[in-house]
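Q: here is the input, now give the coordinates:
(one chain, ligands or ions: 3)
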Amino acid sequence: MAPTVATPISESSNITDLVVTNGNGVKGLSEMGLKTLPKQYIQPVEERITVSNILPQESIPIIDMSNWDDQKVSESICDAAEKWGFFQIINHGVPIEVLENVKDATHRFFNLPAEEKRKFSKENSPSNSVRFGTSFSPEAEKALEWKDYLSLFYVSEDEASALWPSACKDQVLEYMRGSEPIIQRLLEALMKRINVKEIDETKESLLMGSKRINLNYYPICPNPELTVGVGRHSDVSTLTILLQDDIGGLYVRGNNDSWVHVPPVSGSLVINVGDALQIMSNGRYKSIEHRVVASGSKNRISVPIFVNPRPYDMIGPFSEVLAGAEKALYKQVLYSDYVKHFFRKAHDGKNTIEFAKI
Ligand SMILES: CC(C)(COP(=O)(O)OP(=O)(O)OC[C@H]1O[C@@H](n2cnc3c(N)ncnc32)[C@H](O)[C@@H]1OP(=O)(O)O)[C@@H](O)C(=O)NCCC(=O)NCCSC(=O)/C=C/c1ccc(O)cc1
Ligand SMILES: O=C(O)CCC(=O)C(=O)O
Ligand SMILES: [Fe+2]
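A: Ligands and ions are numbered 1, 2, ... in the order given. Modelled structure (predicted):
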């Protein structure tokens with residue numbers, strides 16, 4: 001019999017089938033031991049992350065929340081949200097084992113066989129609130145991103161218990177419950193500075209009426225310098241609470257063309273302002289562009305909780321912010337229209353917010 005010569009995976013046009021349709025993800029590709037990056041993942045030169053525009057001496061603030069009712073803590077939170085749009089918090093009250101458990105649960109989910117994970121793909125998922133996928137918007141992207149994810153839209157504990165993957169649901173729910181007090185405290189502090197004295201029911205719904213949690217998996221990449229883990233984007237949330245492991249690779253836009261690394265700090269959580277809060281605060285708080293590199297030597301995970309308005313809320317600048325002579329920079333938009341606009345295109349930095357500009 002003539003020997004069969006396998007087509008090198010990097011030249012196969014079936015990468016999309018293998019990775020996207022069959023549920024192997026980039027984790028499956030990575031584990032096949034391929035030596036070079038498939039062309040579908042090669043990013044244009046301007047989107048690659050190189051040392052030349054990284055500012056090693058800069059860093060985002062680290063805020064100690066142990067005395068969270070101290071005025072100074074609130075001020076540092078608001079200052080950081082105005083200047084950087086990003087900060088890390090330590091002594092935040094979420095038990096360290098809750099964080100460790102959710103990281104273990106993330107590895108447990110991604111270590112399931114492809115046929116188990118595939119059950120949660122867009123085509124097969126038992127519910128719209130559970131989605132296992134890869135890259136960001138593969139149908140819309142010219143170049144794919146080196147990341148797999150499980151995205152869970154939180155509707156209720158009952159729905160989550162019934163529909164979320166059993167490999168991770170208990171730990172994820174515990175992490176969501178555990179982070180609730182800090183979400184409340186952060187938003188209270190941020191609202192005070194912009195003249196919103198009380199978070200009533202309407203405000204509560206606009207600021208944190210819905211939640212989505214993503215489990216992100218960035219496997220070892222054969223040519224990390226040619227691709228990205230996540231491309232330049234700003235989140236569409238009110239606030240994002242991000243748990244990262246000890247590997248690093250998240251970069252935040254600094255001044256001009258520079259990027260600042262967010263170093264892993266054991267036990268910390270990274271907080272960032274999303275577009276919804278930039279809009280509701282009429283630009284006072286900044287939703288800053290960020291991106292993630294791919295790693296050539298380690299499998300990285302991260303777990304962001306996106307705290308959002310409800311899909312059917314109309315969002316726009318709060319009247320309290322416009323009470324002075326301040327002009328509205330953003331119009332009222334239906335939040336689900338805003339989110340759909342975000343998902344319909346590839347990552348494109350800060351462009352999403354143009355959708356809401358007057
Ligand atoms: C507008 C939604 C998202 C979808 O509504 P839908 O149209 O009734 O439901 P579909 O399931 O048909 O989704 C519409 C499109 O959005 C896409 N999509 C639907 N969830 C997803 C999903 N988690 N992932 C990636 N595509 C999705 C989905 O692929 C689909 O694309 P397409 O079929 O090509 O039109 C709706 O569920 C909604 O308003 N949800 C509540 C608000 C919400 O989740 N907000 C997002 C908070 S922030 C956030 O998630 C940030 C995520 C993010 C993620 C990756 C990053 O790199 C950076 C950031
Ligand atoms: O993995 C990270 O550190 C950040 C991921 C991110 O920006 C996102 O999921 O929106
Ligand atoms: Fe993000």
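Q: next one: phi and psi at the residue most central in space within the chain?
A: Most central residue of the chain, judged by C-alpha distance to the mean C-alpha position with CA atoms, centre = their mean, is Pro304 at 5.0 Å. Recorded main-chain torsions at Pro304 are phi -90, psi 140, according to degrees, to the nearest 10.
Q: beta partners for it?
A: With DSSP bridges as the criterion, Pro304 is bridged to Leu242.
Q: so it sits against Val236, correct?
A: No - taking CB atoms under 8 Å as the definition, Pro304 is not a contact partner of Val236, at 11.8 Å. Bear in mind the C-beta positions are built from the backbone N, C-alpha and C, glycine included.
Q: then stretch 226-237 to PDB, C-alphas only?
A: Taking C-alpha atoms only, stretch 226-237 is exported to PDB below (Å, rounded to 0.1, in the frame of the first residue of the first chain):
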ATOM      1  CA  LEU A 226       2.500  36.600  15.000                       C
ATOM      2  CA  THR A 227      -0.900  36.500  16.700                       C
ATOM      3  CA  VAL A 228      -2.900  37.700  19.800                       C
ATOM      4  CA  GLY A 229      -4.800  36.100  22.600                       C
ATOM      5  CA  VAL A 230      -7.400  38.900  22.500                       C
ATOM      6  CA  GLY A 231      -7.300  41.800  20.100                       C
ATOM      7  CA  ARG A 232      -7.600  45.500  21.100                       C
ATOM      8  CA  HIS A 233     -11.100  46.200  22.500                       C
ATOM      9  CA  SER A 234     -12.900  47.900  25.300                       C
ATOM     10  CA  ASP A 235     -15.500  45.900  27.200                       C
ATOM     11  CA  VAL A 236     -19.200  46.800  26.700                       C
ATOM     12  CA  SER A 237     -20.000  46.200  30.400                       C
END
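Q: does ligand 1 have contacts with that stretch?
A: Yes - applying CB under 6 Å from any ligand atom, one finds that stretch 226-237 is in contact with ligand 1 at Val230, His233, Asp235, Val236, Ser237.
Q: distance between that stretch and the chain's centre?
A: 8 Å (CA atoms, centre = their mean, to the nearest Å).
Q: check stretch 244-256 too.
A: What separates the centre of stretch 244-256 from the centre of its chain is 12 Å, taken as CA atoms, centre = their mean.
Q: quick check: mean pLDDT of that stretch?
A: The average pLDDT within stretch 244-256 is 94.
Q: show me the contact partners of that stretch.
A: Contacts to stretch 244-256, defined as CB atoms under 8 Å, 6 or more residues apart in numbering, come from residues 49, 54-55, 58, 60, 84-86, 103, 218, 229, 232, 242, 259-264, 266, 270, 272, 288-295, 298, 300-303.
Q: report the contact partners of the residue nearest to the centre of the chain.
A: Residues near Pro304 by CB under 8 Å, 6+ apart: Ile213, Asn214, Asn216, Asp235, Thr240, Ile241, Leu242, Leu243.
Q: how far does stretch 189-197 sit from its chain's centre?
A: For stretch 189-197, the separation from the chain centroid amounts to 25 Å (computed by CA atoms, centre = their mean).
Q: next, the distance between the ends of that stretch.
A: 9 Å (CA to CA, to the nearest Å).
Q: stretch 226-241 too?
A: When the termini of stretch 226-241 are compared using CA to CA, they are 29 Å apart.
Q: OK, contacts around the residue of the stretch 151-300 of the chain found nearest ligand 1?
A: Using CB to the nearest ligand atom, the single residue of the stretch 151-300 of the chain nearest to ligand 1 is Ser151, 3.4 Å away. Shown in contact with Ser151 (CB under 8 Å, 6+ apart): Val130, Arg131, Phe132, Gly133, Arg212, Ile213, Asn214.
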